[in-house]
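Colleague: with the sequence up front, the predicted model follows.
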Amino acid sequence: MQSTGIKAPNTYLVIGALIIVMAALTWIVPGGEFEKQEVDGKQRVIPNTFEFKDRNPQGIGAILGAPFEGFVEAADIIVFVLIVGGAFYVLQGTKAIDAGILAVARAHERSRTVRLLLIPIFMVIFSLGGSVYGMAEETIPFVLIFIPLALALGYDSIVGIAIPFVGAGAGFAGAFINPFTLGIAQGISGLPPLSGLGYRVLVWIITTSVATIFIMRYAARVKKNPRLSPCYETDQAKRSNLDMSELESFSGISNRHKLVLVGFGLAMGLLVFGVLQYGWYIKEIAALFLASGIIIGVVGGLKASQIVDNFSRGAKDLLDTALLIGLARGILVIARDGHIIDTLLNFFASLIDGLPAVAAAWIMFFTQTAINFFVPSGSGQAALTMPIMAPLADLVGVSRQTAVLAYQFGDGFSNLIIPTSGILVGILALAGISWTKWARWMLPLQLILLGVGMMLLIPPFVFDWADWARLWTP
């Protein structure tokens, strides 16, 4: 792959630097405090009650101790992420998801209807993966399947990348369950898990539909005139060396894999039921994922040692996420102990004071998009920004639900184009496509998604989502 000339910043260094910067600010920024009140068991800021108070400058000891304090305070979210990651790795270890996707690909050969619906079917499948469990890195191996499939069907490598990667990305941005982004952001914001589910499902449908239509239109143009493809010449060489052995050797989805997929679907249904009916929170949801991981592993034919090994690998894969959550909370610890959180909130609120609430939500969206360039981790960004964005939303007349949605859009949409995303860079390297070619192709879709995101941030104000969301909350 051609060099982009941009080197991705190390996320740990970024957050570590922010801890130091925040500590420095405690020596400069005056201390201050808003009055608080308890709403639904959570502390909320009361607007127009800010008063200055003595600051408490944080030194070297506080900086070194911040990560420890951050891990302690974010322990519930960190353990939750590790358990959920382990459970999903057990699911992946059964190969049921792979078999389900290959089954749809095989059906393409036998049904004209499937041929017409192939792109939207797969886009929906991958979008559900992005929405339900934050499918991201998992799209990388599928690129190796979908590029030859797309070429064999008369499309190009970009279509082969876009189906799994953009499909999952659209679902990731419009997630209605994803515990790694939505779950963490809502938990930090003091919102019940899955609250506002109805509107979030509508958002998912719209974002997935927009991405699907864009890719279908592009695929149709390339199929009609292959020279329109930015990677026409390289694709010609790939077509001469096509290896469809994995699809050709696929004998159909087994009954065991069907049971695994049904079991996973039932577990997700139980998750929704438990949250809405019984008010399940992080502890109960983690327990459900742990139990479902074990059951799915047994149904999928994995031995006890394989279930344990897969669970361990899944948890290890998310250690970076867990570390980022703890470190990001350390920033909040420094700011809180230095008595400058409310001062910063008051400052940011004054910048957008007087603006319509919708405009404030848009600014949050743009801010999250900019931050994602430097912290391309959904859970890490939630841990970093939501402790500020949630109370800021209270001050400027934006519901916390809307602030979480602005975070989802800012994080999710830009993941599809930023060169600091390790996933995107890895996928493009596998495909042999330069980032500049991808960016030129992706830019129109990014602008469309930007507009769609701005429009989707308006209805929550029209319908007063803060109250409307309670209809979907225990």
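Modeller: Done, it's in.

Colleague: my read is that Ile158 contacts Ser434, right?
Modeller: No - using Cβ atoms under 8 Å as the test, Ile158 is too far from Ser434 to be in contact (11.8 Å). Heads up, the C-betas are built off the backbone N, CA and C, glycines and all.

Colleague: of those two, who's got more company?
Modeller: Taking other Cβ atoms under 10 Å, Ile158 and Ser434 do not tie; Ile158 has more neighbours (25 against 17).

Colleague: which residues touch that one?
Modeller: By Cβ atoms under 8 Å, 6 or more residues apart in numbering, the residues touching Ile158 are Tyr218, Val222, Ser229, Pro230, Cys231, Ile433, Trp438, Trp441.

Colleague: now do the helices in the stretch 1-150 of the chain.
Modeller: With helices called from DSSP state H, counting those that start in this stretch, the stretch 1-150 of the chain shows them at 11-25, 60-73, 75-93, 96-110, 112-133, 139-152.

Colleague: any idea which of these scores lowest on pLDDT?
Modeller: Looking at these, the lowest mean pLDDT belongs to helix 96-110 (a mean of 70).

Colleague: what helix or strand is Lys283 on?
Modeller: helix 282-299 (DSSP states H and E).

Colleague: hmm, back to that, save the helices of the stretch 1-150 of the chain as JSON lines, and put in mean neighbour count and distance to Gly410 too.
Modeller: Putting those into JSON lines (neighbours: other Cβ atoms under 10 Å; distance: least, Cβ to Cβ, whole Å) gives the following:
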{"stretch": "helix 11-25", "mean neighbour count": "18", "distance to Gly410": "16"}
{"stretch": "helix 60-73", "mean neighbour count": "16", "distance to Gly410": "23"}
{"stretch": "helix 75-93", "mean neighbour count": "22", "distance to Gly410": "20"}
{"stretch": "helix 96-110", "mean neighbour count": "18", "distance to Gly410": "28"}
{"stretch": "helix 112-133", "mean neighbour count": "20", "distance to Gly410": "16"}
{"stretch": "helix 139-152", "mean neighbour count": "20", "distance to Gly410": "20"}
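
Colleague: tell me which of those lies nearest to Gly300.
Modeller: helix 96-110 (6.2 Å; Cβ to Cβ).

Colleague: contacting residues for Gly70?
Modeller: Ile325, Gly326, Leu327, Ala328, Arg329, Gly330, Ile331, Leu332, Val333.

Colleague: closest one of the residues you listed to Ser131?
Modeller: Nearest member of the contacts of Gly70 to Ser131, counting by Cβ to Cβ, is Ile325, at 20.7 Å.

Colleague: can you pull the contacts of the closest one?
Modeller: Taking Cβ under 8 Å, 6+ apart as the definition, contacts of Ile325 comprise Gly70, Ala74, Ile77, Ile78, Val81, Ile184, Ser379, Gly380, Ala383.

Colleague: 10 Å - rerun?
Modeller: Contacts for Ile325 (Cβ atoms under 10 Å, 6 or more residues apart in numbering) come out as 70-71, 74-75, 77-78, 80-81, 180, 184, 188, 318, 377, 379-380, 382-384.

Colleague: over to Val398?
Modeller: Per Cβ under 10 Å, 6+ apart, neighbours of Val398: 352, 357-361, 363-364, 389-390, 392, 405-406, 457, 460-461, 465-466.

Colleague: now those: which count as buried?
Modeller: The neighbour-count test (16 or more other Cβ atoms under 10 Å) marks 352, 357-358, 360-361, 363-364, 389-390, 392, 405-406, 457, 460-461, 465-466 as buried among those.

Colleague: so which of these belong to helices?
Modeller: 357-358, 360-361, 363-364, 389-390, 392, 405-406, 460-461, 465-466 (DSSP state H).

Colleague: hmm, Ile341 and Lys53 touching each other?
Modeller: No - under the criterion of Cβ atoms under 10 Å, Lys53 makes no contact with Ile341, lying 11.8 Å away.

Colleague: and those two? Which one has more around it.
Modeller: Ile341 (23 against 13).

Colleague: which one is the more buried one nearest to, not counting chain neighbours?
Modeller: Using Cβ to Cβ, 6 or more residues apart in numbering and skipping residues adjacent in sequence, the residue nearest Ile341 is Ala335, 4.6 Å away.

Colleague: do the same with Phe365
Modeller: Ala406 (4.3 Å).

Colleague: can you name the residues that contact the one you found?
Modeller: So Ala406 contacts 360-369, 385, 389, 393, 398, 453-454, 456-457, 460 (Cβ under 10 Å, 6+ apart).

Colleague: 6 Å instead, please
Modeller: Each residue near Ala406 by Cβ atoms under 6 Å, 6 or more residues apart in numbering is listed here: Ala361, Met364, Phe365.
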